[in-house]
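Novice: The sequence and its predicted three-dimensional model are supplied below.
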Amino acid sequence: RETYGNLFRLVTYDAGALSNENAAHVVKSGKDYLLALKGDQRTMFKLAEEMLDPSDVVAETVDVLDNHTTVTRRLTLLTINQHWAYGDGKSPDESVWQHARTFLRVESVLTKDGVATRREARLFVSSLDETALTPEQWLRVVRSHWGVENNNHHTFDTAFAEDQRPWIVANGN
């Protein structure tokens, strides 16, 4: 924040940084977050998974990859209610972070020659209010998030085998 100040508003990261502590640090710094939500935060993940209705699509994009292939992305948004609780005996504090405001679901469908060949849904949590961005802007942020993940982290993961031997372990310097 000291280095970049107001050049950015939103911190986005994959599930590797998914923790209440990291998210709270971002908010305390005066920024907002969009974090990929995965099973590591099992209670919040399951809550988002059950509450986000895939039929409540608010935006859709279709990218033409070539003459035979398209990718359709569908966005579902949900304002988080801080009183929600999930599971037997879970309190709202155990179910959803106090600074979390929006759940997102992005379904991606790869179609080749008119046949859906791959379908996946990714979940996200954000400290931004659902209305802070238009549905199209939410989709753009999610696409930008994956652009960084695919263009940078994929290189580390494949060319440098980062997932098999993280840098800090392989070489302390």
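Specialist: Now that the structure is in, tell me what you want to look at.
Novice: Enumerate every residue touching Arg118.
Specialist: Taking Cβ atoms under 8 Å, 6 or more residues apart in numbering, we find Arg118 in contact with Ser108, Val109, Leu110. For glycine as for every other residue, the C-beta is placed from the backbone atoms N, C-alpha and C.
Novice: Swap in 7 Å and give it another go.
Specialist: For Arg118, the contact set (Cβ atoms under 7 Å, 6 or more residues apart in numbering) comprises Leu110.
Novice: Read off the pLDDT value for it.
Specialist: We note a pLDDT of 96 for Arg118 in this prediction.
Novice: And for His68?
Specialist: 95.
Novice: How many neighbouring residues does it have?
Specialist: Counted with other Cβ atoms under 10 Å, residues neighbouring His68 total 11.
Novice: swap in Val125?
Specialist: Applying other Cβ under 10 Å, we find 25 residues neighbouring Val125.
Novice: gap between it and Asp113?
Specialist: 36 Å (Cβ to Cβ, to the nearest Å).
Novice: again with Leu52
Specialist: 30 Å.
Novice: which one of the two has more residues nearby?
Specialist: A direct count of neighbours by other Cβ under 10 Å for Leu52 and Asp113 places Leu52 higher, at 17 against 8.
Novice: Need the per-residue pLDDT for the more buried one.
Specialist: 92.
Novice: Surely it and Leu75 touch.
Specialist: No: under the criterion of Cβ atoms under 7 Å, Leu52 makes no contact with Leu75, lying 10.2 Å away.
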